[in-house]
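In: 3D, please:
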Amino acid sequence: MSVRHEGNVPVVNSYTEWDPLEEVVVGSLAGGVFPTWQESMTPTLPHDSVRIFQEQGGMPLPAEHAAAADEELNQFAAVMEARGITVVRPDFVDQTRKFGTPEWESGGSSSGMPRDLLIVVGDTIVETPMSWRCRKHEVDAYRGLIKSYFRRGGGWIAAPQPELTQALFDGDFDAEAETGYAITDFEPVFDAADFMRFGDDLVVQRSHVTNEFGIEWMRRALGSGFRVHEVPVNDPHAMHIDATMVPLAPGKLLVNPDRYVPHPLFRDWEILEAPKPTLGPDWPMYFCSPWLSMNVLSLDEKTVVVERQEKPLLDALTDWGFTCVPVDFRHVYSFGGSFHCATLDVRRRGRGGTYLTV
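Out: Okay, the predicted model is just below:
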């Protein structure tokens, strides 16, 4: 049961990816910098970005492009506010500041992608233990929001803070064979974006930022009220499941035709293969692949926010019975995410339930 405040309204309440959205956090790229380089990033990045991160780690993101991306985030927030959804934004954080431990030193990243570092499960916000050193303090921009939700009755738990020493990064990834993972099970680490919520069930992928230790920590932390299912994916560069599968409504799953592996959990679901992205090869993509096209956000089980220029996807979803809300977001693409990545759905109108064939 969700904790409530005045007026019997849940403060934090989100069990699925599709229940009617009432309150959402939208990220900000203001002050963002290129992540400080570490070798475990290699399997997850576009090839050309390795050199950029190695040479420009800790330096500001390209000013004109980042400003255009931040304006897209602002316009996206305005679209949701116009639909009656409460939108909250993070505090500004100086991403150029250095931090570290006796073992290592790093600079920051950005505050653009709250989905990576926080997840709402039922009535509780969960802070994740991220494996990229540059992201260790990324949650600072959201700390005031988390405390506010907690003070008003919302739940809040945080995973153990990882040491992030070399022992975590001595994984078995083979670049030539594209097998294995960049991280070990030295300590629990995971990104929230490797999880998807289906009521009482969560689906997770193992990836280059999420290990088995982290998945098991999440399973135990959530307790008997939720089930956590690990699923295989066909992605040697795995980092975040929300460009591999996105549930849009009960029984309707949008999937990446190159990465999705059929699973018995979804045997009763309709599956739609996302059309190929329309993004051209010359568009700068520092963090991710163009498959961010399918990183959409459900406002309810009939309404989906989609990038305006992804016409094949807009048409496919419309034909599937959805109302699409087109929003410009390609500049945001360049810095590591789209609508799902750039948001944290703090409150949706709904409860848990069983939607998967368990």
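
In: export the helix of greatest length in the chain as PDB, just CAs?
Out: In terms of residue count, the longest helix belonging to the chain (DSSP state H) is helix 63-82. Output in PDB follows, covering the C-alpha atoms of helix 63-82 (Å, rounded to 0.1, in the frame of the first residue of the first chain):
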ATOM      1  CA  ALA A  63      27.900  24.100 -26.000                       C
ATOM      2  CA  GLU A  64      25.500  24.800 -28.900                       C
ATOM      3  CA  HIS A  65      24.300  21.200 -29.200                       C
ATOM      4  CA  ALA A  66      23.900  20.800 -25.400                       C
ATOM      5  CA  ALA A  67      21.900  24.100 -25.200                       C
ATOM      6  CA  ALA A  68      19.600  22.800 -28.000                       C
ATOM      7  CA  ALA A  69      19.200  19.500 -26.100                       C
ATOM      8  CA  ASP A  70      18.400  21.400 -22.900                       C
ATOM      9  CA  GLU A  71      15.800  23.400 -24.700                       C
ATOM     10  CA  GLU A  72      14.200  20.200 -26.000                       C
ATOM     11  CA  LEU A  73      14.000  19.000 -22.400                       C
ATOM     12  CA  ASN A  74      12.300  22.200 -21.400                       C
ATOM     13  CA  GLN A  75       9.800  21.900 -24.200                       C
ATOM     14  CA  PHE A  76       9.200  18.300 -23.300                       C
ATOM     15  CA  ALA A  77       8.500  19.300 -19.700                       C
ATOM     16  CA  ALA A  78       6.100  22.000 -21.000                       C
ATOM     17  CA  VAL A  79       4.200  19.500 -23.100                       C
ATOM     18  CA  MET A  80       3.600  17.300 -20.100                       C
ATOM     19  CA  GLU A  81       2.600  20.200 -17.900                       C
ATOM     20  CA  ALA A  82       0.100  21.200 -20.500                       C
END
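
In: and that helix, how far out from the chain middle?
Out: 18 Å (CA atoms, centre = their mean, to the nearest Å).

In: got the buried residues for it?
Out: Ala66, Ala68, Ala69, Asp70, Glu72, Leu73, Phe76, Ala77, Val79, Met80 (16 or more other CB atoms under 10 Å). C-betas here are computed from N, CA, C, even on glycine.

In: which residues are contacting the helix or strand following it?
Out: Sequence order places strand 86-88 as the next helix or strand after helix 63-82, per DSSP states H and E. By CB atoms under 8 Å, 6 or more residues apart in numbering, the list of residues contacting strand 86-88 from outside reads Glu22, Glu23, Val24, Val25, Val26, Ala77, Met80, Glu81, Leu145, Val346, Arg347.

In: tell me the mean pLDDT for the helix or strand containing the second one?
Out: For Glu23, the element it lies in under DSSP H and E is strand 21-26. Mean pLDDT, strand 21-26: 98.

In: repeat for stretch 102-109
Out: Per-region confidence: stretch 102-109 scores 95 on mean pLDDT.

In: got the contact list for that stretch?
Out: Contacts with stretch 102-109, where a contact means CB under 8 Å, 6+ apart, come from 32-33, 35-36, 38, 57-58, 93-100, 132-138, 163-166.

In: one more time with 10 Å, if that's ok
Out: Stretch 102-109 has contacts (CB atoms under 10 Å, 6 or more residues apart in numbering) with 31-38, 57-59, 61, 93-100, 116-117, 130, 132-138, 140-141, 163-167, 287, 335-336.

In: hmm, back to that, show me what whichever helix or strand comes after the strand holding Glu23 is packed against.
Out: Along the chain past strand 21-26, the next helix or strand (assigned with DSSP H and E) turns out to be helix 47-56. Helices and strands touching helix 47-56, as assessed by 3 or more CB pairs under 10 Å, 6 or more residues apart in numbering; DSSP states H and E, are absent.

In: list the buried residues of helix 47-56.
Out: Taking 16+ other CB under 10 Å as the neighbour-count basis, helix 47-56 is seen to contain the buried residues Ser49, Ile52, Phe53, Gln56.

In: also stretch 163-170?
Out: Buried residues in stretch 163-170 (16+ other CB under 10 Å): Leu164, Leu168, Phe169.

In: re the thing from before, with distance to His229 and pLDDT added, can I get the buried residues of helix 63-82 in JSON lines?
Out: Conversion of the buried residues of helix 63-82 to JSON lines gives the following (distance: CB to CB, whole Å; pLDDT from 0 to 100):
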{"residue": "Ala66", "distance to His229": "37", "pLDDT": "95"}
{"residue": "Ala68", "distance to His229": "39", "pLDDT": "97"}
{"residue": "Ala69", "distance to His229": "34", "pLDDT": "97"}
{"residue": "Asp70", "distance to His229": "36", "pLDDT": "96"}
{"residue": "Glu72", "distance to His229": "34", "pLDDT": "98"}
{"residue": "Leu73", "distance to His229": "32", "pLDDT": "98"}
{"residue": "Phe76", "distance to His229": "31", "pLDDT": "98"}
{"residue": "Ala77", "distance to His229": "33", "pLDDT": "98"}
{"residue": "Val79", "distance to His229": "33", "pLDDT": "98"}
{"residue": "Met80", "distance to His229": "30", "pLDDT": "98"}
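
In: how about those residues in CSV, adding distance to Gly108?
Out: Formatted as CSV, the entries for those read as follows, by distance: CB to CB, whole Å:
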residue, distance to Gly108
Ala66, 14
Ala68, 21
Ala69, 17
Asp70, 16
Glu72, 21
Leu73, 18
Phe76, 23
Ala77, 22
Val79, 28
Met80, 27
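
In: all the strands of the stretch 251-358 of the chain, in order from the start?
Out: 252-255, 270-273, 297-300, 303-307, 323-327, 343-348 (DSSP state E, counting those that start in this stretch).

In: for the longest one, buried residues please.
Out: Pointing back at strand 343-348 there. So, applying 16+ other CB under 10 Å, buried residues of strand 343-348: Thr343, Leu344, Asp345, Val346, Arg347, Arg348.
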